[in-house]
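Novice: When you get a sec, could you give me coordinates for this:
(2 chains, ligands or ions: 2)
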Amino acid sequence: MTAAELRTAGAVPVRPIAGGAYTRLALHQVRRGALVVLAVTAGMSALVATTYESTVGDALDPAALAALAENPAIRTLFGEPVALDSAGGFTVWRTGTVLAVLLSVWGLLAATRITRGEEDAGRWGLLLAGRLALPAVLRRHLTVLCGVMGLTGVAVAGALTAVGTPPAGAAVHGAGLALAGMFAVAAAILAGQVLPTRAGASGAAVALLGLGLLARMVGDGVAALAWLRWLSPYGLLALTRPYREDRALPLVVLALATVVVGAVALALAGRRDVGAGLVAPAAGRAPRRWLLGSVRAFAVRRLLRPLAGWSAGVGAYFLLIGVLAVSMTDFLADNQRFADLAGEAGFAGLGSVRGYTATMFALLAVPVGVFAAVRMAGFAAAEADRRLTGLHAQPITRGRLLGAEVAATGAGAAVLLTVAGAATWLGAAAVDADLPVLAALAGTWNVLPIALLCLGAAVLALGWAPRAVAAAGALPAAGGFLLQVVADSTGAPAWVSRLSPFAHLAAVPDTAPNWPASAVMTALAGAALLAGGYGYRRRDLRG
Amino acid sequence: MSAPAVRTDRLTKRYGRLLALDELDLTVPAGEVFGFLGPNGAGKSTTIRLLLGMTRPSSGRAWIFDTDAADVAGAHRRLAYVPADVALWPRLTGAEILDLLDRTGPGTDRAYRDELVERFALDPSKPAGAYSTGNRQKVALIAAFATRAPLLVLDEPTSGLDPLMEREFRRAVTEARDEGRTVFLSSHQLAEVEAVCDRVAILRAGRLVDVATVPDLRRLHRTEVLVRFAGPVPDLTAVPGVDSVDPGTDSAVRFTVSGPPGPALRALAAADVTTLTMREPTLEEIFLDYYGETGR
Ligand SMILES: Nc1ncnc2c1ncn2[C@@H]1O[C@H](COP(=O)(O)OP(=O)(O)O)[C@@H](O)[C@H]1O
Ligand SMILES: [Mg+2]
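Specialist: Ligands and ions are numbered 1, 2, ... in the order given. Down below sits the predicted model:
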């Protein structure tokens, strides 16, 4: 810039920024994740539907279907089977809840990241310095994310129609998934208006959706409480009964709920200050000096609160798993066809308590792996928004900082595994199922290598691609799980499913652990940790 | 002769094609208050992050008291740092953050820290999420000044402080100097650096332009004056200290003054002045005047 330009710059009238700029900003921040989520959602739906004939075919007769639909345990865990005699109905039952959870979790995390997270990091101070007010900016972010959800729904409906399922069912299912995602986004933005931090807002939104999932499970399983499903986005999704009744009323209810939640969020946004929440942080308090003495202690201190939340969620789910053990295994023992079918879908050995819990324990790898990924992503975010600068300026090597975080995260994962094992045992004991506490713990600890893989992948990304920590960290567990579901439900070649770490997990406590596979996974995780640590010590810090 | 507090040898940092710092050679003797002056984007923060081992040099090296800057555990035992833009853990209170930095750092004079909390009027019981920019900066400043580290590295530390607090800051720098500590103070405000520093380095577009004592620096200091008249405009071209006279219109004149303004004021006293506006030139303008328009 020349001096003349510099002098005149101040005199140029400030041009109003078009609202489009904010929309583009929001889009820019979510487009990659959006594309992945859209591709996975539509792709998985289409794949399961196309391979329906070859995998399920006519293994199911009406009597068998009736038995399945009436079993409370099946309904609780997998949702009410509605139209399993058609490719579309089977796809909805097999993938609907998984994809709705995937969409809404991604949506809520993206929403808090680009709204509350950006505001926390102080980047909205500039954005909001006049011109467009907070509610207007928020509305644009909300619109972008809802647009992504809408497109995903259209893609699902299009894909399911293209592979030959009836268009009406495809449309209802696509719309349901999209609305579930939109509801999650609106709820997350609302939480971001009430609570003054990103972590708090994400936690509150996750808790709300977790309750929603629980309400769906209980409502599906217990006839007297079936009305609970009307209170849950996942329940409403199930109530549409795609490919059988194609009901629109639940969709209307979900759409209305989304509009109301979104409108409340925007209204609240107009009533608060930028950078603050409606719930003001305490005006002042006495210092709590525990766990501030070293970086290791501090890593533990930051872990405790989120770990309590994760433990509550995982504990509640596995308590339910334990409570359902007897009714589930009795049902499958009496219905060999379903046992076979479940075996083909990757749920072998459901006929015994140990086999059933072993199958459920494999699922545990997903939340525990995602927990590790999220914790390390939080560490990367703290570096990027400069919260860690104070510690980086201390006489502490980066290796020690990272080591403390990894150790705390690993310990947190161990706590989650233990909580899940203990909760399952408690639930099983309540219904007199034969599951000793050590067997339950052996089962949950069996998935530790997958959690370690996630931790290793997250640290590897931290060292070499710090923007991708969450995605890389979640890949072994969430990606591996989706891959296994798809491979098993579509009869893909064996080598495809063997790419997933879940293929190498023994059904503990039904069988002995697969020690060689566990050792290989742990060694891979260790190598990733070392390579990531090496990159992290050498690269420029962000922020 | 003790080791210099800061020494760099052809320290260079590239960001892709951008040369953010170009072969910087700098020596700051122990005990000096050293100003590091440059317009925004000159490479001040880049230099400081290299000194702290937070980024890696593309080439060249840096030492803190003869410890390689890359040896963070060693070098940071002898320095304290205040970043340009302080971010804190939002749920920890000011007191808790000071505690954390004390217990993980090179050691703190707690009595002095408590005194600084009073002097900077910080409420340490509030969670950091409720602090303004200035308050966050105060937390970092208090933590840094209260350490026993012999070198303080401060990156534009007063950008969020009000004038009262800026005065407190200058007092704390003076106290640090009296204790024989070294202060490395980056700034883009000429006035601030003039007020507290012994020596000043001037950085522009990644290059070291000059290292000067403060009296030498004052020569750079020129004030821009705009005067409007009701009557005829006097001729100022020959007045001592007056420069770059720009006649503008027939009822106003713009010029710059360096050195004592007496002669210029006397020349104006005779005319019928309606308004008089004075403005400190920005660093960028000074650099453009003195060093031409080369560089970025
Ligand atoms: N991480 C980075 N990546 C790319 N360019 C950077 C980075 N950090 C600084 N720069 C560039 O280096 C130059 C110097 O920046 P900086 O040291 O922050 O300037 P100052 O602190 O003097 O205002 C600027 O042009 C800036 O845009
Ligand atoms: Mg800077």
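Novice: Residue ranges in chain B under the pLDDT threshold?
Specialist: The model of chain B has pLDDT under 70 over residues B:1, B:217-221, B:281-296.
Novice: quick one, longest helix in it?
Specialist: The longest helix of chain B (DSSP state H) is helix B:163-178.
Novice: looking just at contacts, which helices and strands does it meet?
Specialist: Under the contact criterion of 3 or more C-beta pairs under 8 Å, 6 or more residues apart in numbering or on different chains; DSSP states H and E, helix B:163-178 touches strand B:33-37, helix B:110-119, helix B:133-146, strand B:182-187, helix B:190-196. For glycine as for every other residue, the C-beta is placed from the backbone atoms N, C-alpha and C.
Novice: Show me which residues of that helix are buried.
Specialist: For helix B:163-178, the neighbour count (16 or more other C-beta atoms under 10 Å in any protein chain shown) marks B:165-166, B:168-169, B:172-173, B:176-177 as buried.
Novice: Show me what counts as buried in the helix or strand harbouring A:V185.
Specialist: A:V185 is part of helix A:167-194 when elements are defined by DSSP states H and E. In terms of neighbour count (16+ other C-beta under 10 Å), helix A:167-194 has its buried residues at A:169-194.
Novice: And the next helix or strand past it?
Specialist: As assigned by DSSP H and E, the chain's next helix or strand after helix A:167-194 is helix A:198-221.
Novice: Give me the contacts around the following helix or strand past that following helix.
Specialist: Going down the chain from helix A:198-221, the next helix or strand is helix A:233-239, by DSSP H and E. For helix A:233-239, the surrounding residues in contact (C-beta atoms under 8 Å, 6 or more residues apart in numbering or on different chains) are A:79-80, A:82, A:96-97, A:100-101, A:104, A:176-177, A:179-180, A:183-184, A:209, A:212-213, A:215-216, A:219-220, A:228-230, A:247, A:249-251, A:253-254, A:257.
Novice: related to what we said a few turns ago, among the helices and strands packed on helix B:163-178, which comes closest to ligand 2?
Specialist: strand B:182-187 (6.7 Å; C-beta to the ion).
Novice: Just give me the residue right at the centre of the chain.
Specialist: Unless you meant another one, I'm taking chain A. Chain A has A:V105 as the residue nearest its centroid, 4.4 Å off, counting by C-alpha atoms, centre = their mean.
Novice: if you could check chain B rather than the one you did, that'd help
Specialist: B:S187 (1.9 Å).
Novice: mind checking how far it is from B:S159?
Specialist: 9 Å (C-beta to C-beta, to the nearest Å).
Novice: Show me which residues of the stretch 1-150 of chain B sit near ligand 1.
Specialist: Proximity of the stretch 1-150 of chain B to ligand 1 (C-beta under 6 Å from any ligand atom) is limited to residues B:15, B:18, B:20, B:38, B:40-46.
Novice: same thing but at 8 Å, please
Specialist: Residues of the stretch 1-150 of chain B lying close to ligand 1 (C-beta under 8 Å from any ligand atom) are B:13, B:15-16, B:18, B:20-21, B:38-49, B:55, B:84.
Novice: And for the stretch 401-543 of chain A?
Specialist: Counting by C-beta under 8 Å from any ligand atom, the residues of the stretch 401-543 of chain A near ligand 1 are A:540, A:542.
Novice: For chain B, what's its nearest residue on the stretch 401-543 of chain A.
Specialist: Nearest residue of the stretch 401-543 of chain A to chain B, counting by C-beta to the nearest C-beta: A:D540, 4.0 Å away.
Novice: Please name the nearest non-neighbouring residue to that residue.
Specialist: The shortest distance from A:D540 to any non-neighbouring residue, by C-beta to C-beta, 6 or more residues apart in numbering or on different chains, is to B:T55 (4.0 Å).
Novice: show me the contacts for that neighbour.
Specialist: B:T55 makes contact with A:540-541, B:13, B:46, B:49, according to C-beta under 8 Å, 6+ apart.
Novice: Per-residue pLDDT of the closest residue to ligand 2 within the stretch 301-450 of chain A, please?
Specialist: Ligand 2 sits closest to A:R386 of the stretch 301-450 of chain A, with a gap of 12.5 Å, by C-beta to the ion. Note on A:R386: pLDDT of 92.
Novice: returning to that earlier point: chain neighbours aside, what residue packs nearest to the residue nearest to the centre of chain B?
Specialist: In space, B:S187 is closest to B:V193, 5.0 Å off (C-beta to C-beta, 6+ apart).
Novice: before we move on, the earlier item: quick one: buried ones out of the contacts of helix A:233-239?
Specialist: A:79-80, A:82, A:96-97, A:100-101, A:104, A:176-177, A:179-180, A:183-184, A:209, A:212-213, A:215-216, A:219-220, A:228-229, A:250-251, A:253-254, A:257.
Novice: quick one on the thing from earlier: helices or strands next to the helix holding A:V185 in the packing?
Specialist: Packed against helix A:167-194, as judged by 3+ C-beta pairs under 8 Å, 6+ apart, are the following elements: helix A:87-112, helix A:134-162, helix A:198-221, helix A:233-239, helix A:249-269.
Novice: Let me know the pLDDT of A:L332.
Specialist: Reading off the model, A:L332 has pLDDT 73.
Novice: distance of it from ligand 1?
Specialist: 57 Å (C-beta to the nearest ligand atom, to the nearest Å).
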